[in-house]
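Visitor: model the structure of this input:
(2 chains)
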Number of protein chains: 2
Amino acid sequence: MSVTAPRGFAAAGVEAGFKHSGGRDLALVVNRGEARSAATVFTSNRAKANPVLFSEKVAAAGDVRAVVLNAGGANCFTGDEGYRVTEATAALTATELGLDAMNVLVCSTGLIGEQLPIASFERGVPAVVEALSDDAAGGDSAADAIRTTDTVSKQSVHQADGWSVGGMAKGAGMLAPGLATMLVVLTTDAVAAPDVLEKALRASVRVTFDRLDSDGCMSTNDTVTLLASGESGETPSEAALTEAITAVCADLAQQLQLDAEGASHDITIEVVGAASEDDAVTVGRSCARSNLLMTAIFGNDPNWGRVLAAIGTTDAAFDPYDVDVSFNGVRLCRKGGPDRPRDEVDLTPRATHILIDLHAGDETATVLTNDLTHDYVHENSAYSS
Amino acid sequence: MSVTAPRGFAAAGVEAGFKHSGGRDLALVVNRGEARSAATVFTSNRAKANPVLFSEKVAAAGDVRAVVLNAGGANCFTGDEGYRVTEATAALTATELGLDAMNVLVCSTGLIGEQLPIASFERGVPAVVEALSDDAAGGDSAADAIRTTDTVSKQSVHQADGWSVGGMAKGAGMLAPGLATMLVVLTTDAVAAPDVLEKALRASVRVTFDRLDSDGCMSTNDTVTLLASGESGETPSEAALTEAITAVCADLAQQLQLDAEGASHDITIEVVGAASEDDAVTVGRSCARSNLLMTAIFGNDPNWGRVLAAIGTTDAAFDPYDVDVSFNGVRLCRKGGPDRPRDEVDLTPRATHILIDLHAGDETATVLTNDLTHDYVHENSAYSS
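Guide: Below you'll find the model as predicted:
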């Protein structure tokens, strides 16, 4: 139950032959609403995959009616041939749905640098259109089909007052957003003008997916799409819409964190006392990106010195010798020096909380990440072999 | 043979009791030249260790005559008490040498957040002064004493025309410059004015230690000091001085790379065709800092897609679809798409060469790094336990 929870949507997932391991690997979400609109956030990586290059044009054309997604290959750095495969995918899907290719967003995830077989789309697209369903099974099978190394499918629904937001996500490499990929499709039956939808989506992504971070760079394929059908007849305020979308995005982001490849700790880095929200995010990210700190936590070592060394590389406003750091509720560092003994902290639970008080203002931000483990090294070194 | 190779210097290393593992852990280098000068580059990390905070004042005072260095503790985030230990170390050393405390630079390396025992300095400083020697044994024992997780000591000498440059370095965590620490002491018997020495040192560090990189942030303790004794009577040009210092720094940087904790590949990232040297460095660093790329190389996987994904996060001037990437001489990627088959590349040798041609200009830069391995995770998770 996810993208089909709001009215006006149908979805499906089928096996089309992309994944060597077998199983569902082609998903489709269709917006059947008359008062439809859409908003999309693409990767900020300059090295964009062919589906992103194509879908940017679809989004700009302004009438997105369907999203087709495949696992088993990212179609990235595959040259002109790869771009033609993406175009053909949209065209095939449009034909089956009675639409134009420029109504169809295409998302792909999997290995970089390998061509996707067009034959699998030729076989799979009619099947996934045939399988379209507006009940829970449709959303469930679509969410299942976009998995790559994900151990579970990720779905979320938020019920508002007479309207709702649903969503599905794919992504398991939260220490590795540079790979391919985080794909998200959100749906709502609210009535929303495109500019309102766009603002609500960007505001939601900024405080959820953008703070699920370890190296801060989005992958070549990352795409978050929000489709509104208008079928509820309800027109929520921009604030209410943003709140509901943020709730779904936050839930999906946490599910992505919990399923990160090879992680043994789910780490919440809470930065308080910052002079600005940007400073708080910068400080949180510098910790999430510190291999030294992330390996220490893997070893159940509450190494607050590595926190200070990490944040000392940023340009955020604070005095290093006025910073407090707590691990799981125990303040180990006060004013940049030792406070409570390290052995008062128990880092054996998977959930880990790091609180950093900069004593430089009143702003806060929370960044989610995972530790750096043997399994991370193994999974990412063996990925393409 | 290193810091005592140039005339006018004495050095020694003794066991003072800082390292739990035992062995030499206190080093001293003394400049006995009449026409002496000095230059120092300190860490750019804002979270500076007590020895750095103190030594910045010594350097500013303008008459550095000795450098005392300890392993077995970084004296970082140890508060006012830690600062007093550093001050006392300089005072003890100055007293033994007949100098002022403001003539003595102090460097410390080892764990962060723990107090250094002043008693070990009280015992060790007289011993290391007593052991001072201007022959090779002096330099050798000093280089040995600054090792922490270093498996070998690092020394280098460059003979110029009637004068020379010597150097020693400590550092084994090239994927981990955020820890503590890289310490370097360079000596020369050339005659050089302080401003010339400063410019030559900064120019040398910029193209050597600053390009030995994985997360780009210097540690809390990093210090590179250059002492000139003037004892050769030769006054080389700034260019000749820079060339000789750069040669020693490049040699030491490579020794640091080869001894990186837990590494299985020594990786040279050569960026050519850049619009500017800064762009070339930025692109090289983005690769060195990509955990995904560094784990791929650990797995002997020439994953050029991860190169493009990494460089796509930078603001360097290039078109991602005009970039070529070669691994160990085999061009796997041409114009952002597949070129030669991956299996033509043999990544089993430890030495790994990645060539990135941006086709955006004529500038170049080379960045050195190491792969991300199980041993790296192990050593850095176990470091303080």
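Visitor: can stretch A:45-56 be said to contact chain B?
Guide: Yes - counting by Cβ under 8 Å from any Cβ of the partner chain, chain B has neighbours in stretch A:45-56: A:Asn45, A:Arg46, A:Ala47, A:Lys48. Where you see a C-beta, it was placed from the backbone N, CA and C, and this is true even at glycine.
Visitor: between these, which is nearest chain B?
Guide: Chain B lies nearest to A:Ala47 out of those, by Cβ to the nearest Cβ, at 2.9 Å.
Visitor: report the contact partners of A:Leu368.
Guide: Residues near A:Leu368 by Cβ atoms under 8 Å, 6 or more residues apart in numbering or on different chains: A:Met174, A:Arg211, A:Leu212, A:Asp213, A:Ala253, A:Gln254, A:Gln257, A:Asp266, A:Ile267, A:Thr268, A:Ile269, A:Ala288.
Visitor: 7 Å - rerun?
Guide: A:Arg211, A:Leu212, A:Ala253, A:Gln257, A:Thr268 (Cβ atoms under 7 Å, 6 or more residues apart in numbering or on different chains).
Visitor: neighbour-wise, which one of those leads?
Guide: Of all the contacts of A:Leu368, A:Ala253 has the most neighbours under the rule other Cβ atoms under 10 Å in any protein chain shown, reaching 27 neighbours.
Visitor: hmm, A:Val207 and that one touching each other?
Guide: No - in this structure, A:Ala253 is not within contact of A:Val207 by Cβ atoms under 7 Å, at 9.4 Å.
Visitor: just the strands from the stretch 101-250 of chain A, written as ranges.
Guide: Secondary structure of the stretch 101-250 of chain A (DSSP state E, counting those that start in this stretch): strands at A:104-108, A:154-159, A:164-170, A:183-188, A:223-228.
Visitor: what pairs with the longest one, parallel or antiparallel?
Guide: With DSSP bridges as the criterion, the sheet partners recorded for strand A:164-170 are strand A:154-159 (antiparallel), strand A:183-188 (antiparallel).
Visitor: and the gap between A:Ser381 and B:Ser264?
Guide: 10 Å (Cβ to Cβ, to the nearest Å).
Visitor: ok, those two, which is more surrounded?
Guide: A:Ser381 (23 against 19).
Visitor: confirm that one sits in a helix?
Guide: Yes - the assignment for A:Ser381 is a helix, going by DSSP: H, G, I helix; E, B strand; the rest coil.
Visitor: B:Gly299 is in contact with that one, correct?
Guide: Yes - here A:Ser381 reaches B:Gly299: they are 3.0 Å apart, a contact under Cβ under 7 Å.
Visitor: could you list the domains of chain A?
Guide: A:9-258, A:266-382 (automatic domain parsing).
Visitor: mean pLDDT for those domains - can I get that in a markdown table?
Guide: Converted to a markdown table, the domains of chain A look like this (pLDDT from 0 to 100):
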| stretch | mean pLDDT |
| --- | --- |
| domain A:9-258 | 92 |
| domain A:266-382 | 93 |
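Visitor: stretch A:299-312 near chain B anywhere?
Guide: Yes - legend: contact between stretch A:299-312 and chain B by Cβ under 7 Å from any Cβ of the partner chain is shown at A:Gly299, A:Asp301, A:Asn303, A:Trp304, A:Gly305, A:Leu308, A:Ala309, A:Ala310, A:Gly312.
Visitor: how close does A:Gly82 get to A:Ala66?
Guide: If you go by Cβ to Cβ, the gap between A:Gly82 and A:Ala66 works out to 21 Å.
Visitor: what's the answer for A:Ala309, then?
Guide: Using Cβ to Cβ, which is the criterion applied here, A:Ala309 is 49 Å from A:Ala66.
Visitor: higher neighbour count, these two?
Guide: Of the pair A:Ala309 and A:Ala66, A:Ala309 is the one with more neighbours under other Cβ under 10 Å, namely 34 against 25.
Visitor: so that one is in which element?
Guide: Following DSSP states H and E, one finds A:Ala309 within helix A:304-311.
Visitor: quick revisit: which of the residues of stretch A:299-312 next to chain B ranks first by neighbour count?
Guide: Counting by other Cβ under 10 Å, top hit in the residues of stretch A:299-312 next to chain B: A:Ala309 with 34 neighbours.
Visitor: and that residue, what does it touch?
Guide: B:Asn45, B:Ala47, B:Ile112, B:Gly178, B:Ser219, B:Thr220.
Visitor: rewinding a little: nearest to A:Val196 among the residues of stretch A:299-312 next to chain B?
Guide: A:Ala310 (38.3 Å; Cβ to Cβ).
Visitor: tell me who's in contact with the closest one.
Guide: By Cβ under 7 Å, 6+ apart, the neighbours of A:Ala310 are A:Ser286, A:Cys287, A:Ser290, A:Leu293, B:Gly178.
Visitor: with secondary structure and neighbour count added, can I get these in a markdown table?
Guide: Formatted as a markdown table, these follow (DSSP: H, G, I helix; E, B strand; the rest coil; neighbours: other Cβ atoms under 10 Å in any protein chain shown):
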| residue | secondary structure | neighbour count |
| --- | --- | --- |
| A:Ser286 | helix | 25 |
| A:Cys287 | helix | 27 |
| A:Ser290 | coil | 26 |
| A:Leu293 | helix | 30 |
| B:Gly178 | coil | 26 |
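Visitor: which of those lies closest to A:Ser164?
Guide: The closest of the contacts of A:Ala310 to A:Ser164 turns out to be A:Cys287 (Cβ to Cβ; 35.5 Å).
Visitor: from A:Thr225, how far off is the closest one?
Guide: A:Cys287 is 30 Å from A:Thr225, by Cβ to Cβ.
Visitor: kindly report the same for A:Ala172.
Guide: 19 Å.
Visitor: ok, residues contacting the longest helix anywhere in chain A?
Guide: Ranked by residue count under DSSP state H, the longest helix found in chain A is helix A:238-258. The contact list for helix A:238-258, computed with Cβ under 7 Å, 6+ apart, reads A:154, A:156, A:158, A:160, A:165, A:167, A:169, A:171, A:174, A:182, A:184, A:186, A:190, A:192, A:196, A:199-201, A:203-205, A:207-209, A:212, A:226, A:266, A:368, A:370.
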